[in-house]
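In: Compute the structure for the input listed below.
(one chain, ligands or ions: 1)
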Amino acid sequence: MKILVTGGAGYVGSHAVLALRARGADVVVLDNLRQGHAAAVPAGVRLIEGDIGDAALLDPLLGEGFDAVLHFAALSLVGESMQKPMLYLRANAAAGMVLIEACLRHQVGRFVLSSTANLFAGGDAPLDEAAAIDPGSPYGESKWMLERALTWAGRTRGLKSVALRYFNAAGADPDGRLGEDHDPETHLIPLAIDAALGRRPELAIFGTDYPTPDGTCIRDYVHVSDLAEAHVRALERLAAAPEGAALAYNLGTGHGHSVRAVLAAVGRVAGRAVPAQEAPRRAGDPAILVASAARFMAETGWAPRFGDLDTIVATAHAWRVAHPGGYGG
Ligand SMILES: NC(=O)c1ccc[n+]([C@@H]2O[C@H](COP(=O)([O-])OP(=O)(O)OC[C@H]3O[C@@H](n4cnc5c(N)ncnc54)[C@H](O)[C@@H]3O)[C@@H](O)[C@H]2O)c1
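Out: The predicted structure follows:
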């Protein structure tokens with residue numbers, strides 16, 4: 001299998017590259033390296049520095065013949081997308097459609113999209129695929145537009161696709177080869193670890209008056225290596241799917257953890273409490289976002305291997321301790 005991984009120098013994409021290589025796939029990474037790191041691409045994997053919206057680059061590349069595209073490349077800061085909506089719609093939705101069109105021109109049979117839980121407004125019970133779509137930001141909207149585009153590419157041209165709507169990616173490769181290195185970092189677990197390690201000032205807890213047991217937001221943290229494995233399973237699922245199938249699955253552990261529970265876990269793993277300060281709510285944060293991955297599990301046999309919060313935090317902590325400057329350090 002020859003597979004193009006867009007955004008393969010980023011956090012989730014690089015872990016997926018490892019999982020694909022472990023299955024013997026021939027992998028090529030396309031990444032503009034705006035947020036990604038060349039050092040996150042394993043030796044022996046071809047890295048093409050370029051943009052998913054560049055049709056002149058995509059034509060000769062996809063003309064080499066690819067069985068599948070795993071599409072991770074995106075801008076993914078929810079808050080920034082509220083400030084710059086058109087940037088997100090152009091960079092994610094419009095450029096993503098250039099990529100999908102190129103896949104159609106070059107007979108790429110399977111396409112896996114990194115979609116997001118930001119499609120959903122949240123709710124008390126784990127959200128399954130029947131939950132109402134109500135994108136919380138231009139970022140979420142851009143992913144929904146791509147899901148719709150894939151549905152039409154399937155119906156009219158036979159492209160098979162899966163949209164994986166994942167909740168909060170977290171953790172790091174358990175063998176220590178890869179980790180999370182975003183700039184700016186906005187994810188709770190790496191921020192809390194850095195605060196515990198004294199590399200950042202106090203962490204802000206945004207909102208302590210939500211209708212949850214301890215008043216802080218509850219999220220579903222899914223280990224990045226489990227997400228990587230889910231992409232491999234999604235490709236296998238598509239192999240057996242009929243022509244034009246456009247599938248969508250929610251991916252998480254089914255268990256939510258509050259912000260305070262995450263800080264407690266980081267404190268246990270790091271051996272020091274996370275310095276934190278209470279702050280007002282942020283606009284647009286649902287109280288509870290937890291996934292039901294029951295359908296994906298039933299149809300692919302996937303199950304989280306690193307579902308336990310302390311394990312997720314321990315892998316993230318080990319990588320940050322070993323790489324104080326991230327990939328650049
Ligand atoms: N991290 C999460 O918790 C999470 C949750 C749900 C969905 N997602 C989605 O998963 C995907 C990967 O997320 P991540 O956390 O690994 O992000 P990331 O920023 O670490 O990785 C994205 C990669 O794509 C590259 N890129 C961005 N725009 C590009 C473009 N136009 N052309 C080429 N390369 C481009 C970046 O340089 C980066 O290497 C994204 O699509 C994101 O929306 C992430």
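In: residue ranges with poor pLDDT in the protein?
Out: Residue ranges of the chain with pLDDT under 70: 329.
In: Get me the contact residues on it for the ligand.
Out: Counting by CB under 6 Å from any ligand atom, the chain comes close to the ligand at 6-7, 9-13, 31-36, 51-53, 72-76, 91, 95, 114, 116, 166, 168-169, 182. Glycine gets a C-beta too; all of them are placed from N, C-alpha and C.
In: out of the residues you listed, which are buried?
Out: 6-7, 9-13, 31-32, 35-36, 51-53, 72-76, 91, 95, 114, 116, 166, 168-169, 182 (16 or more other CB atoms under 10 Å).
In: helices and strands around the longest helix seen in the chain, which ones?
Out: Longest helix in the chain by number of residues, with DSSP state H as the criterion: helix 138-157. For helix 138-157, the packing partners by 3 or more CB pairs under 8 Å, 6 or more residues apart in numbering; DSSP states H and E come out as helix 78-83, helix 85-88, helix 95-105, strand 110-116, strand 160-166, strand 246-251.
In: Now do it and strand 110-116, the angle between them.
Out: Here the directions of helix 138-157 and strand 110-116 differ by 160 degrees (axes from the mean of the first three to the mean of the last three CA atoms, to 10 degrees).
In: gap between helix 138-157 and the chain center?
Out: Remark: helix 138-157 is offset 17 Å from the chain centroid, using CA atoms, centre = their mean, to the nearest Å.
In: Next: stretch 149-169.
Out: Worked out by CA atoms, centre = their mean, stretch 149-169 lies 15 Å from the chain centre.
In: same check, this time on stretch 293-308
Out: That offset, for stretch 293-308, works out to 16 Å (CA atoms, centre = their mean).
In: and what of stretch 76-83?
Out: The answer for stretch 76-83 is 15 Å, by CA atoms, centre = their mean.
In: now swap in stretch 238-245 and tell me
Out: Mean-position distance between stretch 238-245 and its chain equals 23 Å (CA atoms, centre = their mean).
In: Touching it from outside, list them.
Out: With contact meaning CB atoms under 8 Å, 6 or more residues apart in numbering, stretch 238-245 is reached by 68, 109-110, 112, 154-155, 157-162, 247.
In: circling back: which of the residues of the chain next to the ligand fall within helices?
Out: 11-13, 95.
In: Now for R260, how many residues are close by?
Out: 19 (other CB atoms under 10 Å).
In: That one and D214 touch, don't they?
Out: Yes. In this structure, R260 is within contact of D214 by CB atoms under 8 Å, at 4.8 Å.
In: Once you drop chain neighbours, what's closest to T151?
Out: Excluding the flanking residues, the one nearest T151 by CB to CB, 6 or more residues apart in numbering is A246, at 4.3 Å.
In: If the one you found is in a bridge, with which residues?
Out: Beta-bridge partners recorded for A246 (DSSP bridges): S161.
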